[in-house]
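Here is a sequence together with a model predicted from it:
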Amino acid sequence: MPWLLTIIVFVTVVLVVFAFGAAAVTPTSVLGARLRALGGQPTMAQEKPALNVRERFEQALDPLSKAIPLSPADVSRTRGWLIQAGLRESRHVTYYFGARIMLAFLGLGGVLLFSGVGSMPLLVCVPAFGFFIPRFFLKRMIKSRQQRIRIALPDALDLTVICVEAGLALDQALMRVGQDLHHAHPDLSDEFHLVNLEMRAGKPRAEALRNMVDRTGVDDIRSLVGTLIQTDRFGTSVAQALRVHSDSLRTARRQRAEEQAAKTTIKMVPPLVIFILVPFLFVTIGPALIQAYHSLVSK
């Protein structure tokens with residue numbers, strides 16, 4: 001018990017000192033400005049506006065996000081995952097790493113508070129579980145967004161074919177399709193909007209389309225971009241290529257649905273065995289076994 005109290009007091013003091021130091025060093029902190037004013041350092045004549053809740057939360061998580069020693073490759077890979085999940089702002093990187101550190105510390109504090117130092121497996125497993133929870137949810141967000149884009153792509157290609165056959169160029173067709181799909185499929189609409197912004201900024205069409213592949217990570221988008229680049233390179237009909245590609249995507253989507261439907265029979269076997277067969281055996285054989293037991297005991 002004394003060891004537990006000592007560890008709790010130590011962790012509390014470290015967190016308080018860390019929070020006080022982070023608040024004092026941060027340039028946008030009110031506490032740091034007051035400490036610098038008391039120390040005689042010149043302060044800005046014009047006061048900055050008060051921070052809102054999001055900025056205060058980001059300011060609190062920023063020191064925690066820097067507690068993990070990461071290489072530029074790790075930060076770049078995590079940034080790519082966040083972009084694929086639809087989180088494009090730089091503050092989302094701070095939220096992600098800060099949440100991982102905060103959940104790990106919360107798990108460690110919970111184990112020390114309720115179980116003590118003796119349970120070494122919990123001291124290792126619970127903080128590690130809290131550390132990897134944000135990554136699990138990030139992967140789920142990426143898969144969900146990719147699935148929404150994959151479902152919306154055939155409809156977007158049909159609208160693109162109509163726009164191209166009406167006389168619009170491919171760039172204008174993508175912009176118009178993005179506007180029309182804003183409410184029905186916002187994820188794909190945002191990607192088309194970013195492609196148009198990059199092309200307006202001066203990037204070549206092929207590079208802007210490849211960037212869309214990197215932002216989504218969807219195989220159907222990758223095949224579509226390859227088709228558009230080859231069509232532009234060889235000068236073939238864009239409308240015909242998009243129509244053929246749309247038909248192939250619909251066929252692939254139907255095959256994936258049939259595959260999922262075929263897997264349902266196999267996936268239903270464990271629940272049937274556990275929740276239906278075992279209770280059925282207990283209900284049918286149980287009374288007979290109980291009666292046989294009583295008859296044997298009475299003899």
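Received it, and whenever you're ready, just let me know what you need.

I'd like to know which elements the longest helix anywhere in the chain is packed against.
Counting by DSSP state H, the longest helix found in the chain is helix 120-165. For helix 120-165, the packing partners by 3 or more C-beta pairs under 8 Å, 6 or more residues apart in numbering; DSSP states H and E come out as helix 72-84, helix 91-114, helix 170-180, helix 186-200, helix 205-216, helix 219-234, helix 238-267. Placement of C-beta: from N, CA and C, glycine included.

of these, which approaches Lys143 most closely?
Of all the helices and strands packed on helix 120-165, it is helix 72-84 that lies closest to Lys143, at 9.6 Å by C-beta to C-beta.

Now that closest one - C-alpha only, CSV.
Backbone C-alpha positions of helix 72-84 (Å, rounded to 0.1, in the frame of the first residue of the first chain) are rendered in CSV as follows:
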residue,chain,number,x,y,z
PRO,A,72,9.8,11.9,-40.5
ALA,A,73,8.8,8.7,-42.3
ASP,A,74,6.5,7.8,-39.4
VAL,A,75,4.9,11.2,-39.4
SER,A,76,4.5,11.1,-43.1
ARG,A,77,2.9,7.7,-43.1
THR,A,78,0.5,8.7,-40.3
ARG,A,79,-0.3,11.9,-42.2
GLY,A,80,-1.2,9.8,-45.2
TRP,A,81,-3.5,7.6,-43.1
LEU,A,82,-5.3,10.7,-41.7
ILE,A,83,-5.7,12.1,-45.2
GLN,A,84,-7.2,8.8,-46.4
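
who's in contact with that helix?
The set of residues external to helix 72-84 that reach it, using C-beta atoms under 8 Å, 6 or more residues apart in numbering, is 70, 88, 92-93, 96-97, 138-139, 142, 145-146, 214-217.

Provide a list of residue ranges in the stretch 101-250 of the chain with pLDDT below threshold.
By pLDDT under 70, the low-scoring segments of the stretch 101-250 of the chain are 116-118.

can you rerun that using 80?
Scanning the stretch 101-250 of the chain for pLDDT under 80 picks out the ranges 113-121, 123.
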